[in-house]
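[1] I need the structure of the sequence given here:
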Amino acid sequence: MWAELLPVGRSSASGGYRRYAWTGADADCRAWFREQAEARGLAHETDRNGNQWAWLGDPAAGNAVVTGSHLDSVPDGGAFDGPLGVVSAFAALDELRGRGARFTRPLGIVNFGDEEGARFGLACVGSRLTAGALTVEQAHRLTDGDGVTLPRAMEAAGYDPDTLGPDPERLARIGAFVELHVEQGRALDLSGDRIGIASAIWPHGRWRFDFRGEANHAGTTRLADRHDPMLSYAETVLAARREAELAGAVATFGKIGVEPNGVNAIPSLVRGWLDSRAADQTSLDTVVTGIEKAAREHAAAQGVDLDVVRESFTPVVEFDHALRDELARILGTRTDLRVPVLGTGAGHDAGILSDRIPTAMLFVRNPTGVSHSPAEYAAEDDCVAGVTALADVLEGLACT
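    Got it, this is the predicted structure:
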């Protein structure tokens, strides 16, 4: 399975993945998922929000156990973030069938659409729509860098955007959702453990900073006469680093847009996107407030206007304690495995769904901690350990 999926959406130039929502690479990933489902005799369906489901047993019976993740990527992302959870879900089912497990609850495997938000700028679109955390009106206003709206992109891919919206009936059928994911950090590598259980997801959000100055000639305009938004932006990037360090948080300006974007032109607009995360809401508020304050001071000093827009936000997610404890109990019966509980600063579909259904997460060791990069990696024996752990959990939850 891993070998079949590896070439899909991979850039020959960077070695990273460009599996963006409702593109050809996304269609190839979806075809792969369907093939895996049908090869195992599972019922395949695509829901109203473009998420794919594969079912063993009748989901209408309720109290289903679901596992899976996503197959899309960030720009030039790695091979493991998302796909590891989907591949491992199918592999865990194979393992359970090899054990002769008897299922007493329906089992589902899911591929959530547009988790990374690489194309339309909002993460977890598929799960947000399903959970009602993103309205239909908001979804219809999402636009990619080429001005293509989400509905138009869905139509071009052969899907009906008129079906978008909350899916409470589907969620009501799910008794537990367990997402396996490569760890996006080095906690497990530092502790020497292969598998971990998530405790919580840090609160996090994305903010857009629009610095509006005055376009002018780079060679003839005196420094004293300039209203250069790039200076204000650069100072704000440095301020973000300082504020994050003081609060023990993280803050990143990782995306920028410049107009007119000419080598010999002073910009009229510099648009930067801030991603910030912290262990608690107070720390996050402190960081973002400090960054915005610094940005406004630097903008004023350069005679530049500034608009700040919060584009997305997810509060702290405490995973269901009872389900988390049950995972720990199940895996705790294995003498060959120590499974620590750890928090994470990365967002996931499991976090979005946690307000609606019991959710939990398993992490697989990442020896470098690198993620959202072609260098993202997990050793094969650790991945196999993840499959075994997921199979143990599914057996404990869904089988006799």
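[2] contacts, neighbours, all on C-alpha from now
    OK.
[3] count of neighbours near Arg241?
    17 (other CA atoms under 10 Å).
[4] which residue packs closest to it, ignoring adjacent ones?
    Leaving aside its sequence neighbours, Arg241 sits nearest to Ala251 (CA to CA, 6 or more residues apart in numbering; 6.4 Å).
[5] With Leu284 instead?
    Ala278 (5.1 Å).
[6] Pop out the phi and psi values for the one you found.
    phi -150, psi 170 (degrees, to the nearest 10).
[7] contacting residues around it?
    Counting by CA atoms under 8 Å, 6 or more residues apart in numbering, Ala278 touches 202-204, 248-250, 284, 345.
[8] Tell me how far Ala361 lies from Phe120.
    Rather than Ala, residue 361 is Met. 26 Å (CA to CA, to the nearest Å).
[9] actually Arg19, not the one I wrote
    Going from Arg19 to Phe120 by CA to CA gives 13 Å.
[10] which of these two has more neighbours?
    Neighbour totals were compared for Arg19 and Phe120, and Arg19 leads with 28 against 21 (other CA under 10 Å).
[11] Could you count how many residues lie near Gln184?
    Using other CA under 10 Å, Gln184 has 22 neighbouring residues.
[12] Can you read off the pLDDT for the nearest residue in space to Glu318 that is not next to it in sequence?
    Spatial nearest neighbour of Glu318, excluding adjacent residues (CA to CA, 6+ apart): Ala200 at 4.5 Å. For Ala200, the pLDDT comes out at 90.
[13] cool, and Asp81?
    Value for Asp81, per-residue pLDDT: 95.
[14] what sits against it?
    Contact analysis of Asp81 by CA under 8 Å, 6+ apart lists 73, 181-182, 371-372.
[15] Thr388 now?
    92, 95.
[16] Am I right that it falls within a strand?
    No: assessed with DSSP: H, G, I helix; E, B strand; the rest coil, Thr388 is helix; it does not lie in a strand.
[17] Pull up the per-residue confidence for it.
    97.
[18] Tell me the spacing between it and Gln302.
    Thr388 is 58 Å from Gln302, by CA to CA.
[19] swap in Cys399?
    From Cys399 to Gln302 the distance is 65 Å (CA to CA).
[20] In terms of neighbours, single out the busier of these two.
    Looking at Cys399 and Gln302 with other CA under 10 Å, you find the greater number of neighbours at Gln302, namely 19 against 16.
[21] List the contacts of the nearest residue to the more buried one once chain neighbours are set aside.
    Nearest non-adjacent residue to Gln302, counting by CA to CA, 6+ apart: His227, 5.5 Å away. Residues near His227 by CA under 8 Å, 6+ apart: 213-215, 302-304.
[22] need the longest helix for this protein.
    helix 281-301 (DSSP state H).
[23] now the helix or strand that it is followed by, how far from the centre of its chain.
    Proceeding N to C from helix 281-301, the next assigned helix or strand is strand 305-314, under DSSP states H and E. In terms of CA atoms, centre = their mean, to the nearest Å, the centre of strand 305-314 is set 19 Å apart from its chain centre.
[24] Go through strand 305-314 and flag the buried ones.
    305-306, 308, 313-314 (16 or more other CA atoms under 10 Å).
[25] Out of the residues you listed, which is nearest to Arg296?
    Within the buried residues of strand 305-314, the smallest distance to Arg296 is 6.7 Å, found for Leu306 (CA to CA).
[26] so who does the closest residue in space to the closest one that isn't next to it in sequence touch?
    Counting by CA to CA, 6+ apart, Leu306 lies nearest to Phe211, which is 4.7 Å off, once chain neighbours are set aside. The contact partners of Phe211, taken as CA under 8 Å, 6+ apart, are 229-230, 232-233, 269-271, 299, 304-307.
[27] got it, and Ile330?
    Counted by CA under 8 Å, 6+ apart, Ile330 has contacts 392-393, 396.
[28] Now tabulate those residues in JSON lines and tack on distance to Phe177.
    Listed next are those as JSON lines, based on distance: CA to CA, whole Å:
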{"residue": "Asp392", "distance to Phe177": "14"}
{"residue": "Val393", "distance to Phe177": "11"}
{"residue": "Gly396", "distance to Phe177": "13"}
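[29] In helices only, show me those residues.
    392-393, 396.
[30] Only whichever of those are buried, select them in PyMOL.
    Buried subset of the ones in helices among the contacts of Ile330, written as a PyMOL selection, criterion 16+ other CA under 10 Å:
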select buried, resi 392+393+396
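[31] which one of the ones in helices among the contacts of Ile330 sits closest to Ala294?
    Val393 (47.7 Å).
[32] For that closest one, give its distance to Pro59.
    19 Å.
[33] ok, now Val125?
    On the measure of CA to CA, Val125 and Pro59 end up 23 Å apart.
[34] Looking at the two, which one has more neighbours?
    Val125 (27 against 20).
[35] mind checking pLDDT for that one?
    At Val125, the pLDDT value in this model is 97.
[36] where does the nearest residue to it once chain neighbours are set aside land in three-state SS?
    Leaving aside its chain neighbours, Val125 sits nearest to Asp114 (5.6 Å; criterion: CA to CA, 6+ apart). Judged by three-state DSSP, the three-state class of Asp114 is coil.
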